[in-house]
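Asks: Return a 3D structure for these sequence lines:
(chains A, B and C)
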Amino acid sequence: MAQNLVALAGNEAVAYAFKQARPHVGSAFPITPQTEMMHKFAEFVANGEVDTEMILVESEHSAMSAAIGSAAAGARTFTATSSAGFALMWEMVYVAASLRLPINMALVNRALSGNINIHCDHSDSMGGRDSGWIQVFCENAQESYDTALMNFRISEHMDVRLPAMTNYDGFIISHTEDALYLLDDDTAYDFIGPYQAKYALLDVENPITVGPLDLTDYYFEHKWSQMEAQKRVFPVAREVMSEFGELTGRSYDFFEEYRLDDADLVMVVLGSSAGTTKDVIDEYRDKGVKVGLLKLRLFRPFPVAEIVKVLAGRKAIAVLDRSASFGGFGGPVFTEIRSALYRQEQTPIHNWIYGLGGRDYDLKQVAEVIEKLQQIAAGEELQEVNLLGIRL
Amino acid sequence: MAGPMVEIRWHARGGQGAKTAAMFLAEAVLDKGKFGQGFPEYGPERRGAPVRGYTRIADAPIRRHCSVEEPDIVIVLDSTLLESKSAGVTAGTSADTVFLINTSESPEAIGKRLDVDGAKVYTVDATQIALDSFGRSIPNMPMVGALLVVEELMTIDELKIALAKRFSQKFSQAIVDGNVTAVERAYKELRSA
Amino acid sequence: MSLKKASELTEGGIITEAGNASEYKTGDWRTFVPEFVVENCIQCLFCWIYCPDSAIAVDLSGEKPEVTGIILEHCKGCGICAAECPPVKKGKAALVMVREAK
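Replies: I've put the predicted structure just below:
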């Protein structure tokens, strides 16, 4: 099908996807680097390009609260934030997932203070990894746009009914002018489809109570239902991604395998770092080093079975984390991957924490990790948790 | 990396339009069937502070998302940055790097100031061209015009069309026309230099 | 009371049965119970207004609503009705709290 090649910054691309979903309600409060995303969306509303009730709230706690009210009322709803804004939403982030409201959020990843820093890392979204939201990480503007569209379908699916975050790296994606293909508005909307509420407060024929007191007798059972809904994301996401692939020619999966088939050495990364990593992997492949990349897209739910299948039996694995878990054993992606592979034959899995506060993840850093992986595969005992691109 | 890629690093002071130029160029090359990536280095945004911008242009989608450390082309919008250590105009450059400098000085004089052996230097007085064309010392667009002499990314006419299209969404007709005049003059001046 | 299994619950703990509080019996919580003395009642309906548990039975079939007694399966014995019952005939209130024999 015909698609329009344009140059847009990541924020504009995601605002465009949200517009094409024709949400009934959007609520947001500006914060760098998310601001341009909601500006762009507000511009669409002001120009009459989309008939969304845009609520400009006074804080992110209110943004998420308004989104919850709207979704509970029965409306397709979105919001967007970054960093400290996400932190201020905190209790309501959990409420959105607990109430099983398919709110869609753009989380433009930015370091969570302090000291104050406006640049990218994943400390904001990693804080929300246990909140019950679907979390997908994106490599570039194209993937952010595509993911935002697909996330509406996945989160609103009747088997799922969970809120979803489209994560994309602050500035590195949000503010970079990048070439991408856009669907036309009708095709995009037809792909997502009209919103169907499962329960709606505004359905006066069928009155409901939302958010009652939930104590020792039933709370645990309701948490079980959230766990089960997360599991049902897998088949639904597969179906949606496959349909999207047929429509656009761009195929996605839980993760992307790059030159992984025969790779002895594997790097695991999230987000915009994947592209930089691919360029260096190509250089090492030219030199005969069998190195590949697993770019994890779906972090929640975590596709453990598929990851084990792909990573088992490799000679050495490097997991890169763009956030730290202070006092913990490595970063959050590392602990997850390492735990997944526990029952497998002993593949050394090492961790590199990098890029905090937007520190550039450059070609030399990728090369440094690949060099270390070669040493580990050759049997050298190296430190398991490491820092990359830091002055010590 | 599939196919060749041109990596450009912009050095300027806040307010001179390096961000606009870096991002504009990334969009403008789309019409030539190429892929562009443009972004500035964000920091404390103050008028006059040294800033950097980056543009990559390639035949295939651009995957890397790091800043440009080994530029093919360095464009300097303010020649006082040549001596600034923090600006790092020559950082990561090699004998193949081309420098395009906004200055009234000669390429030879700038070559000495750059202190790089055998540096390929082009100069154009973009500030004067901007002042003459639209009355403001914003030299970004004339520098894009001059860039076409150094690297034939598109014809000057194609650039003028792309510029008019992009700028007319944001600026008055007088500013659009002034910039179109400026890119053409900078292009012609450098070509005949 | 047997509790439902996780798989039998609505997602998000949504309650889909409207007005189901009437199914929740609270009559065995009380120590004191209001006794309705019909001949003292002036039908002001204060008790019906103040009762926090909708435990005042009112007959709506006539020209005017008429208090007919206490719904004992919901009355928690809080005594608000007796406290609010206007002592229009001194010592002859229509609602009197008495210790319930159990």
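
Asks: could you pull out the strands for chain C?
Replies: C:32-36, C:56-59, C:66-70, C:95-99 (DSSP state E).

Asks: just the stretch 101-250 of chain A next, same as before
Replies: Assigned by DSSP state E, counting those that start in this stretch, the strands in the stretch 101-250 of chain A fall at A:104-109, A:134-137, A:164-169, A:177-182.

Asks: What helices and strands are in contact with the first one?
Replies: Here strand A:104-109 touches helix A:10-20, strand A:77-81, helix A:123-127, helix A:141-156, strand A:164-169, going by 3 or more CB pairs under 8 Å, 6 or more residues apart in numbering or on different chains; DSSP states H and E. Bear in mind the C-beta positions are built from the backbone N, C-alpha and C, glycine included.

Asks: can I get those in TSV with mean neighbour count?
Replies: Formatted as TSV, the helices and strands packed on strand A:104-109 follow (neighbours: other CB atoms under 10 Å in any protein chain shown):
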stretch	mean neighbour count
helix A:10-20	27
strand A:77-81	30
helix A:123-127	24
helix A:141-156	26
strand A:164-169	29
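
Asks: Can you get me a residue count around the closest residue to B:Arg52 other than its chain neighbours?
Replies: Spatial nearest neighbour of B:Arg52, chain neighbours left out: B:Glu41 (4.3 Å); criterion: CB to CB, 6 or more residues apart in numbering or on different chains. For B:Glu41, the neighbour count with other CB atoms under 10 Å in any protein chain shown is 19.

Asks: List just the one of the helices and strands packed on strand A:104-109 that sits closest to C:Ala6.
Replies: helix A:141-156 (21.6 Å; CB to CB).

Asks: need the strands of the stretch 101-250 of chain A in CSV with mean pLDDT, can you?
Replies: Below are the strands of the stretch 101-250 of chain A laid out as CSV (pLDDT from 0 to 100):
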stretch, mean pLDDT
strand A:104-109, 98
strand A:134-137, 98
strand A:164-169, 98
strand A:177-182, 97
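
Asks: which one of the strands of chain C has the most crowded surroundings?
Replies: strand C:32-36 (a mean of 19; mean count of other CB atoms under 10 Å in any protein chain shown).

Asks: Now do the contacts for the most centrally placed residue in chain C.
Replies: Against the mean C-alpha coordinate of chain C, by CA atoms, centre = their mean, the closest residue is C:Ala55 at 1.4 Å. C:Ala55 makes contact with C:70-72, C:74-76 under the criterion CB atoms under 8 Å, 6 or more residues apart in numbering or on different chains.

Asks: Show the pLDDT at it.
Replies: Listed pLDDT for C:Ala55 reads 95.

Asks: Kindly export stretch B:158-172 (C-alpha atoms) in PDB.
Replies: The C-alpha trace of stretch B:158-172 is given here as PDB (Å, rounded to 0.1, in the frame of the first residue of the first chain):
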ATOM      1  CA  GLU B 158      15.900  22.300  -5.400                       C
ATOM      2  CA  LEU B 159      17.200  23.800  -2.200                       C
ATOM      3  CA  LYS B 160      15.300  27.100  -2.800                       C
ATOM      4  CA  ILE B 161      12.100  25.200  -3.300                       C
ATOM      5  CA  ALA B 162      12.600  23.100  -0.200                       C
ATOM      6  CA  LEU B 163      13.500  26.200   1.800                       C
ATOM      7  CA  ALA B 164      10.500  28.200   0.700                       C
ATOM      8  CA  LYS B 165       8.200  25.200   1.500                       C
ATOM      9  CA  ARG B 166       9.600  24.800   5.000                       C
ATOM     10  CA  PHE B 167      10.000  28.400   6.000                       C
ATOM     11  CA  SER B 168       6.600  29.600   4.700                       C
ATOM     12  CA  GLN B 169       4.900  27.500   7.400                       C
ATOM     13  CA  LYS B 170       6.600  29.600  10.000                       C
ATOM     14  CA  PHE B 171       7.900  32.900   8.700                       C
ATOM     15  CA  SER B 172       6.700  36.000   6.800                       C
END
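
Asks: So which bits of it are buried?
Replies: B:159-160, B:162-163, B:166-167 (16 or more other CB atoms under 10 Å in any protein chain shown).

Asks: Now do it: everything it contacts.
Replies: With CB under 8 Å, 6+ apart, stretch B:158-172 has contacts from B:24, B:27-28, B:31-32, B:141, B:144-145, B:148, B:154, B:175-176, B:179-180, B:183-184, B:187.

Asks: make it 7 Å
Replies: Stretch B:158-172 is contacted from outside by B:24, B:27-28, B:31, B:141, B:144-145, B:148, B:175-176, B:179-180, B:183-184, using CB atoms under 7 Å, 6 or more residues apart in numbering or on different chains.

Asks: swap in stretch B:123-134?
Replies: By CB under 7 Å, 6+ apart, stretch B:123-134 touches B:101-107, B:110, B:136-139, B:142-143, B:146, B:174-175, B:178-179, B:181-182, B:185-186, B:189-190.

Asks: From those residues, keep the buried residues only.
Replies: Counted by 16+ other CB under 10 Å, those give B:101-103, B:105, B:107, B:110, B:138-139, B:142-143, B:146, B:175, B:178-179, B:181-182, B:185-186, B:189-190 as buried.

Asks: now the residue nearest to the centre of chain C: how far from C:Arg99?
Replies: Separation of C:Ala55 from C:Arg99 (CB to CB, to the nearest Å): 18 Å.

Asks: List the contacts of A:Phe41.
Replies: By CB under 7 Å, 6+ apart, A:Phe41 lies in contact with A:15, A:18-19, A:26.

Asks: Now render these as a markdown table, adding distance to chain B.
Replies: Shown next, in a markdown table, are the contacts of A:Phe41 (distance: CB to the nearest CB, whole Å):
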| residue | distance to chain B |
| --- | --- |
| A:Ala15 | 16 |
| A:Phe18 | 21 |
| A:Lys19 | 18 |
| A:Gly26 | 24 |
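
Asks: Just the closest of these to chain C, please.
Replies: Closest approach between these and chain C, by CB to the nearest CB: A:Gly26, at 21.7 Å.

Asks: mind showing which ranges of chain C have poor pLDDT?
Replies: Applying pLDDT under 70 to chain C flags residues C:1, C:88-90.

Asks: Next to chain A in this structure, residues from it, please.
Replies: By the rule CB under 7 Å from any CB of the partner chain, the part of chain C lying against chain A is C:3, C:6, C:9, C:11-16, C:18.

Asks: Looking at those residues, state which has the most neighbours.
Replies: Within those, C:Gly12 tops the neighbour count with 23 neighbours, counted by other CB under 10 Å.

Asks: residues contacting the closest residue to it other than its chain neighbours?
Replies: Excluding the flanking residues, the one nearest C:Gly12 by CB to CB, 6+ apart is A:Arg100, at 3.8 Å. Contacts here follow CB under 7 Å, 6+ apart; on that basis A:Arg100 touches A:161-162, A:229, C:11-12.

Asks: How about the contacts made by B:Gly17?
Replies: Contacts of B:Gly17 by CB under 7 Å, 6+ apart are B:138, B:140.

Asks: residue ranges for the helices of chain C, please.
Replies: C:46-50, C:80-84 (DSSP state H).

Asks: Redo those as TSV? Include mean neighbour count and distance to A:Ser273.
Replies: Converted to TSV, the helices of chain C look like this (neighbours: other CB atoms under 10 Å in any protein chain shown; distance: least, CB to CB, whole Å):
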stretch	mean neighbour count	distance to A:Ser273
helix C:46-50	17	66
helix C:80-84	18	65
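
Asks: Make CSV out of those and add distance to C:Thr31.
Replies: Listed next are the helices of chain C as CSV, based on distance: least, CB to CB, whole Å:
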stretch, distance to C:Thr31
helix C:46-50, 19
helix C:80-84, 14
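
Asks: Using TSV, lay out the ones you listed together with distance to chain B.
Replies: Output for the helices of chain C, formatted as TSV (distance: least, CB to the nearest CB, whole Å):
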stretch	distance to chain B
helix C:46-50	63
helix C:80-84	63
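
Asks: Return the distance of the closest residue in space to C:Val96 that isn't next to it in sequence relative to C:Lys102.
Replies: Spatial nearest neighbour of C:Val96, chain neighbours left out: C:Glu35 (4.9 Å); criterion: CB to CB, 6+ apart. From C:Glu35 over to C:Lys102 the distance is 15 Å, taken as CB to CB.
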